[in-house]
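In: coords below, sequence missing:
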Ligand SMILES: CC(=O)N[C@H](C=O)[C@@H](O)[C@H](O)[C@H](O)COP(=O)(O)O
């Protein structure tokens, strides 16, 4: 965990049907991010986590699965699979919503930990989620789901208010994640109280980055 203190975690994810959806590609991007100074890497999918096994920074692993609104490592079985695939930190849904396997977050974390030496990052959508996730035993509290559940508005940039609220209320470190699209936002997230900052799209999703520039170029005509 100390290796992530004050550091940047780069989330390397390609979505179903996208050209870069290939574990080898994701591992290459992850290595490039480490070369640029990433203190940690976040990888989605068991094959991508396995492909990132030789990275010399901590890997935050998750699987997005199922049709339920709880889709980030939704069950204990998924969490165990992420640990077995080699993640150092298992990221899972840290909201208070019912989990598809009927287990509580506390039971999920306890049963995962009973068998595997991993840390747990709870992807939260609100302060109440973070408080509950900390009580359930999570090691890291992420703002990942802010704006993706009904409890918080979807801010244009990171949810700085939520970062500050969690940092003030909880003992466990906060990972600022979600819609951090500029270096200024990353700095602001740290200053709001984040222990570490996780950036995905703005570093590793070229289609979205391209669309920002394409729109800017097209808009310049008017
Ligand atoms: C809500 C959700 O499903 N978030 C996912 C979680 O793993 C990813 O799709 C995001 O890319 C990641 O959280 C990083 O955020 P951003 O790409 O905004 O920097």
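Out: Ah, there it is. For clarity, every value in this text was computed on a predicted model and none was experimentally measured. Numbering: from 1, shown residues only.
In: Not counting its neighbours along the chain, what's nearest whichever residue of the chain sits closest to the ligand?
Out: Nearest residue of the chain to the ligand, counting by CB to the nearest ligand atom: residue 200, 2.9 Å away. Where C-beta positions appear, they are placed from N, C-alpha and C, glycine not excepted. Closest residue to residue 200 apart from its sequence neighbours, by CB to CB, 6 or more residues apart in numbering: residue 11 at 3.3 Å.
In: Tell me how many other residues crowd that neighbour.
Out: By other CB atoms under 10 Å, 27 other residues sit near residue 11.
In: Could you verify my assumption that it touches residue 202?
Out: No. Taking contacts as CB atoms under 8 Å, residue 11 lies outside contact range of residue 202: 9.9 Å.
In: What segments of this structure are helices?
Out: With helices called from DSSP state H, the chain shows them at 23-35, 46-51, 76-85, 105-115, 127-135, 160-169, 183-191, 201-204, 206-219.
In: who in this structure is up against the ligand?
Out: Within the chain, the positions adjacent to the ligand are 11, 13, 44, 62, 144-145, 148, 177-180, 198-202 by CB under 6 Å from any ligand atom.
In: Put the buried members of these into a ChimeraX selection.
Out: Selection of buried members from these for ChimeraX, criterion 16 or more other CB atoms under 10 Å:
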select :11,13,44,62,144,145,148,177,178,179,180,198,199,200,201,202
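In: Out of the residues of the chain next to the ligand, which sit inside strands?
Out: 11, 44, 62, 177, 198-199 (DSSP state E).
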